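Chemist: Kindly return the folded structure for what I paste below:
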Amino acid sequence: MGDLQIEMLHGKDQGSQLLHHPDRVTVEGLIHQSLEAREFSYCPYSNFRVGAALLAHDNRVFTGCNVENACNNLGVCAERNAIAKAVSEGCRSFKAIAIASDLHDQFISPCGGCRQFMREFGASWDVYLTKPDGSYREMKVSELLPVSFGPEDMSMKKVVKIPNEY
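Modeler: Predicted structure coming up:
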């Protein structure tokens with residue numbers, strides 16, 4: 001975690017606030033922002049609220065929530081929403097993402113589509129799977145999507161097929 005400049009803080013005075021130091025954000029602060037983003041979820045069909053807070057390498061935090069649609073496949077997950085927001089503002093390098101939901105007994109985990117979407121921007125950044133009480137499990141994108149396909153695979157050597165001549 002130290003190489004990502006995310007620090008865990010302990011003690012009742014520091015709680016789950018996002019520190020405003022220019023070079024560090026707390027894990028607890030990132031989780032707190034994901035819990036706040038969850039409040040904006042639009043999920044009238046599933047009633048399954050999800051929020052995400054994405055920490056960029058320049059220490060900006062981008063939040064997102066799930067947005068459902070009557071046509072199920074047009075909905076957008078919180079993680080993809082936060083990443084798309086960051087990319088639309090010129091940011092493509094990330095340190096971590098915290099994901100929050102209302103699941104009480106288990107940590108929220110990103111869907112397969114979100115795992116691949118995160119992988120597009122690297123395999124070694126942190127993912128914090130949380131519970132509403134602020135507890136979390138830390139994983140790397142590479143652990144969530146092992147043996148993955150990413151942008152670097154697009155430049156690997158390919159078999160060249162010679163077109164059939166008629």
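Chemist: Touching the host helix or strand of Ser142 from outside, list them.
Modeler: Assigned by DSSP states H and E, Ser142 belongs to helix 141-144. For helix 141-144, the surrounding residues in contact (CB atoms under 8 Å, 6 or more residues apart in numbering) are Ser109, Pro110, Arg115, Met118, Arg119, Gly122, Ala123, Ser124, Trp125, Val127, Ser148. In short, each C-beta sits where N, CA and C put it, glycine included.
Chemist: Can you name the element that comes right after the one helix or strand the fourth one maps to?
Modeler: When secondary structure is defined using DSSP H and E, the element that contains Met118 is helix 112-119. In the C-terminal direction, the helix or strand that comes right after helix 112-119 (DSSP H and E) is strand 126-130.
Chemist: mean confidence score for that next one?
Modeler: In this model, strand 126-130 has an average pLDDT of 97.
Chemist: just stretch 53-66 next, same as before
Modeler: When pLDDT is averaged along stretch 53-66, the result is 96.
Chemist: Start and end of it, how far apart?
Modeler: Across stretch 53-66, the straight-line distance between its terminal residues is 12 Å, by CA to CA, to the nearest Å.
Chemist: so how far is that stretch from its chain's centroid?
Modeler: Its chain's C-alpha centre and that of stretch 53-66 lie 8 Å apart, by CA atoms, centre = their mean, to the nearest Å.
Chemist: What of stretch 142-151?
Modeler: 14 Å.
Chemist: In it, which residues are buried?
Modeler: For stretch 142-151, the neighbour count (16 or more other CB atoms under 10 Å) marks Ser142, Leu144, Leu145 as buried.
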